[in-house]
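Visitor: Model the following, please.
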Amino acid sequence: MSTADAVALEELWRGDFGDRYVERNSVDYPARRGFWGRTLDRYPTDSLLEVGCAHGDNFRYMGDFIDLGRTTGVDINERSLRTLAASEPDVNAVFGAARHLPFRDRAFGTVFTIGLLIHQPDSTLPAVIRDIVRCSSRWVMFGEYSSAEPTEIEYRGLTGVLFKRDYVAIAADLCPELRHVATEELTMEADGFDRVTWGVFERRDQALS
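Guide: Numbers count the residues shown, from 1 in each chain. The predicted structure is shown next:
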């Protein structure tokens, strides 16, 4: 795959395909409140960025644990961002592509994704991960469908759109400046996520002794 594949996928998510994602997924996931409470307690931060935030499902459950005025969501779908701005006006909603995040180096204490890396082609996945890491001053977290062997999954009748990989191992290999802290398998019942592997990393120069 080439960079053209990434551009094509970005256009797909920017248009009606991404709009329909918002419509399908505007539901409540109450278990996420407990997940974010535990996560932000274990890995405290003064600012947070979600890359590929869609319409802000995660921010809905964070308000009791972090000042939403110190949080930002970036996405390529404008309908998603309008929905986020309407539902969580304190969150900074920013238009941008994961390959070229519009933020300075180490701008946020925590940068995370959920269901974003699975939609990146092989050609640009390393660049996306490195740019996510670039924007974090301490914590990097990935919540993605995982597979020990790279596996392409047909998604909504399309191919070349969803890829299961071992994202924890990939990030560890690409970014030696990170220390792997934890891996969890999340469930809908306990955490509000469907079969997501959650990997937590910390910058080595920020790791506590």
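
Visitor: Can you show me the strands along the chain?
Guide: Assignment of strands within the chain using DSSP state E yields the ranges 48-51, 71-75, 92-95, 108-114, 136-144, 151-155, 158-164, 178-186, 196-203.

Visitor: Apart from its chain neighbours, what residue comes closest to D191?
Guide: Nearest in space to D191, with sequence neighbours left out and distances taken as C-beta to C-beta, 6 or more residues apart in numbering, is F35 at 4.3 Å. Where you see a C-beta, it was placed from the backbone N, CA and C, and this is true even at glycine.

Visitor: how many other residues sit next to that neighbour?
Guide: Applying other C-beta atoms under 10 Å, we find 20 other residues in the vicinity of F35.

Visitor: Also P30?
Guide: Neighbour count of P30, defined by other C-beta under 10 Å: 9.

Visitor: Find the nearest non-adjacent residue to the residue nearest in space to the middle of the chain, please.
Guide: Most central in the chain under C-alpha atoms, centre = their mean is T113, positioned 1.2 Å from the mean C-alpha point. Across the structure, with C-beta to C-beta, 6+ apart as the measure, the residue nearest T113 apart from its sequence neighbours is V51 (5.0 Å).

Visitor: in terms of contact, does that neighbour touch I114 like I think?
Guide: No - the pair V51 and I114 does not pass the contact test of C-beta atoms under 8 Å, sitting 9.4 Å apart.

Visitor: Return the helix or strand in this structure with minimum mean pLDDT.
Guide: Among the secondary structure pieces of the chain, namely its helices and strands, helix 16-25 has the lowest mean (mean pLDDT, DSSP states H and E), a mean of 77.

Visitor: picking that back up, who are the neighbours in contact with the residue nearest to D191?
Guide: Neighbouring residues of F35 by C-beta atoms under 8 Å, 6 or more residues apart in numbering: 61, 186, 190-193.

Visitor: And G15, by the same measure?
Guide: Contacts for G15 were tallied using C-beta under 8 Å, 6+ apart; there are none.

Visitor: For the least confident helix or strand of the chain, buried residues please.
Guide: Of the residues in helix 16-25, those scored as buried under the neighbour-count criterion (16 or more other C-beta atoms under 10 Å) are 17-18, 21-22.

Visitor: try stretch 43-57
Guide: 43, 45, 47-57.

Visitor: for it, what is the average pLDDT?
Guide: Here stretch 43-57 scores 95 as its mean pLDDT.

Visitor: Convert it to PDB, retaining C-alpha atoms only.
Guide: Output in PDB follows, covering the C-alpha atoms of stretch 43-57 (Å, rounded to 0.1, in the frame of the first residue of the first chain):
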ATOM      1  CA  TYR A  43      -2.100   7.200  35.000                       C
ATOM      2  CA  PRO A  44      -2.700  10.800  36.100                       C
ATOM      3  CA  THR A  45      -2.400  13.500  33.600                       C
ATOM      4  CA  ASP A  46      -3.000  17.300  33.300                       C
ATOM      5  CA  SER A  47      -4.000  17.200  29.700                       C
ATOM      6  CA  LEU A  48      -5.300  14.600  27.200                       C
ATOM      7  CA  LEU A  49      -5.800  14.100  23.500                       C
ATOM      8  CA  GLU A  50      -7.800  11.400  21.700                       C
ATOM      9  CA  VAL A  51      -6.800  10.800  18.100                       C
ATOM     10  CA  GLY A  52      -9.800   9.700  16.100                       C
ATOM     11  CA  CYS A  53     -12.300  10.800  18.700                       C
ATOM     12  CA  ALA A  54     -15.300  10.500  16.400                       C
ATOM     13  CA  HIS A  55     -18.300  12.100  18.200                       C
ATOM     14  CA  GLY A  56     -16.700  12.000  21.700                       C
ATOM     15  CA  ASP A  57     -18.000   8.800  23.300                       C
END
